[in-house]
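Peer 1: this one's structure only:
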């Protein structure tokens, strides 16, 4: 296996950038590694209109390092009040590339999300008609459902009926975490795809409790069993174009992670492509990383593949224990530990 790996510049098809000084702190890590990223809309307040998405995009562009060519691809936050006109405006904007379905209460800043998918059937019909992809956080929020079973239950009760009803709608099943999720996407029709995070390729739920409770490894959907991780790794490295890179990098200040009720989210943007390289190399399939990272997502969204390239070297480096985060600090994935691949300048 080569000690140097050159890839067409990849994209991140699921990213949280936050806003303001927090966004300015983390954006350079993504811009250094990726050509584009689908930017999540769950701010406070959420990005529910094209006008809000345009303003947020401008703030991102203004915060980019000098000379960066990184492109933020914006999304709308679906609510039960989203209008058909807003969907049409999003499709015609030239900068909104999808609309995000958050079940109400499923994850960070999802309180304004959708309580019943049937309430937005009209919106989904219009998205199908104009060709705007639906991005789905796939968990039920019923407190009676075990947290480790919420993705599987969502597939059964919500996602399967949705993709059968709206067969021409492109659907991205975001950050899949289970064997059931991977098999569902594999066997679904060709307009269904999925993103997979580095943490769900590298870790199982035991990692949450190694040496004590590990709040910085708490994310939603939560880490799952080893058999789930193995199936996700097989899917990611299979060459199947339905699966593509989406970090779900989600920065939170250390104080709100290490709290009585800690926030969900893992920050991985500082070393995202390096972590994926580690996972693919461990599977003996590093030669398939470029397709997963640089081809499949662009092809699914109907966008040209990036020009240019990045180069990784098989060389250890130690991740800092903290990164600055707008007057606070955040703890990154693999903090104080080594990663086996290094991004070359």
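Peer 2: On my side now, so go ahead. It should be emphasised that the depicted structure is a prediction, and the values quoted were computed from it without experimental measurement.
Peer 1: now do the contacts for the closest residue to residue 88 other than its chain neighbours.
Peer 2: Spatially, and ignoring its direct neighbours in sequence, residue 88 is nearest to residue 130 (6.1 Å; CB to CB, 6 or more residues apart in numbering). For every residue, glycine as well, the C-beta is placed using N, CA and C. Contact analysis of residue 130 by CB atoms under 8 Å, 6 or more residues apart in numbering lists 87-88, 91.
Peer 1: pretty sure residue 24 contacts residue 61?
Peer 2: No: using CB atoms under 8 Å as the test, residue 24 is too far from residue 61 to be in contact (11.9 Å).
Peer 1: ok, the contacts of residue 130 vs residue 211, which is closest?
Peer 2: Nearest to residue 211 out of the contacts of residue 130 is residue 87 (CB to CB; 47.7 Å).
Peer 1: confirm that the closest one sits in a helix.
Peer 2: Yes: secondary structure of residue 87 (DSSP: H, G, I helix; E, B strand; the rest coil): part of a helix.
Peer 1: separation between residue 169 and residue 125?
Peer 2: Per CB to CB, to the nearest Å, residue 169 is found 9 Å from residue 125.
Peer 1: of those two, who's got more company?
Peer 2: Legend: neighbour count by other CB atoms under 10 Å for residue 169 and residue 125, higher for residue 169 (19 against 16).
Peer 1: element containing the more buried one?
Peer 2: Under the criterion DSSP states H and E, no helix or strand holds residue 169.
Peer 1: against residue 99, how distant is it?
Peer 2: Counting by CB to CB - residue 169 and residue 99 are separated by 11 Å.
Peer 1: anything in contact with each of these two?
Peer 2: In contact with both residue 169 and residue 99: 127, 133-134, using CB under 8 Å, 6+ apart.
Peer 1: let me know the closest of those to residue 5.
Peer 2: residue 133 (29.6 Å).
Peer 1: please enumerate the strands of the stretch 201-345 of the chain.
Peer 2: Along the stretch 201-345 of the chain, counting by DSSP state E, counting those that start in this stretch, strands occupy 243-245, 309-313, 317-318, 323-325, 328-330, 338-339, 342-343.
Peer 1: how about the stretch 1-150 of the chain?
Peer 2: 4-8, 12-15, 36-39, 71-77, 96-101, 134-136.
Peer 1: please convert those strands to a markdown table, extending it with mean neighbour count.
Peer 2: Shown next, in a markdown table, are the strands of the stretch 1-150 of the chain (neighbours: other CB atoms under 10 Å):
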| stretch | mean neighbour count |
| --- | --- |
| strand 4-8 | 16 |
| strand 12-15 | 27 |
| strand 36-39 | 25 |
| strand 71-77 | 23 |
| strand 96-101 | 25 |
| strand 134-136 | 25 |
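Peer 1: what about these, which gets the closest to residue 219?
Peer 2: Comparing the strands of the stretch 1-150 of the chain under CB to CB, the one sitting nearest is strand 12-15, at 12.0 Å.
Peer 1: what's the closest one packed up against?
Peer 2: Other helices and strands packing on strand 12-15, by 3 or more CB pairs under 8 Å, 6 or more residues apart in numbering; DSSP states H and E, are helix 20-33, strand 36-39, strand 243-245.
Peer 1: mind checking how far it is from the chain centre?
Peer 2: The chain centre lies 4 Å from the centre of strand 12-15; the measure is CA atoms, centre = their mean, to the nearest Å.
Peer 1: what does stretch 278-285 give?
Peer 2: Relative to the centre of its chain, stretch 278-285 is centred 20 Å away, using CA atoms, centre = their mean.
Peer 1: list the buried ones in that stretch?
Peer 2: For stretch 278-285, the neighbour count (16 or more other CB atoms under 10 Å) marks 278-281, 283, 285 as buried.
Peer 1: mind checking which of these are in helices?
Peer 2: Counting by DSSP state H, the buried residues of stretch 278-285 place 278-281 in helices.
Peer 1: could you dump these into a markdown table with pLDDT added?
Peer 2: Output for these, formatted as a markdown table (pLDDT from 0 to 100):
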| residue | pLDDT |
| --- | --- |
| 278 | 98 |
| 279 | 98 |
| 280 | 98 |
| 281 | 97 |
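Peer 1: wait, which of those residues is closest to residue 219?
Peer 2: residue 279 (16.0 Å).
Peer 1: please report how far that closest one lies from residue 289.
Peer 2: 9 Å.
Peer 1: can I get the strands of the stretch 1-150 of the chain in JSON lines with distance to residue 115?
Peer 2: Shown next, in JSON lines, are these (distance: least, CB to CB, whole Å):
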{"stretch": "strand 4-8", "distance to residue 115": "41"}
{"stretch": "strand 12-15", "distance to residue 115": "23"}
{"stretch": "strand 36-39", "distance to residue 115": "24"}
{"stretch": "strand 71-77", "distance to residue 115": "14"}
{"stretch": "strand 96-101", "distance to residue 115": "11"}
{"stretch": "strand 134-136", "distance to residue 115": "15"}
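Peer 1: got CSV for these, with distance to residue 256 and mean pLDDT too?
Peer 2: Below are the strands of the stretch 1-150 of the chain laid out as CSV (distance: least, CB to CB, whole Å; pLDDT from 0 to 100):
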stretch, distance to residue 256, mean pLDDT
strand 4-8, 34, 97
strand 12-15, 19, 98
strand 36-39, 21, 98
strand 71-77, 21, 98
strand 96-101, 22, 97
strand 134-136, 25, 98
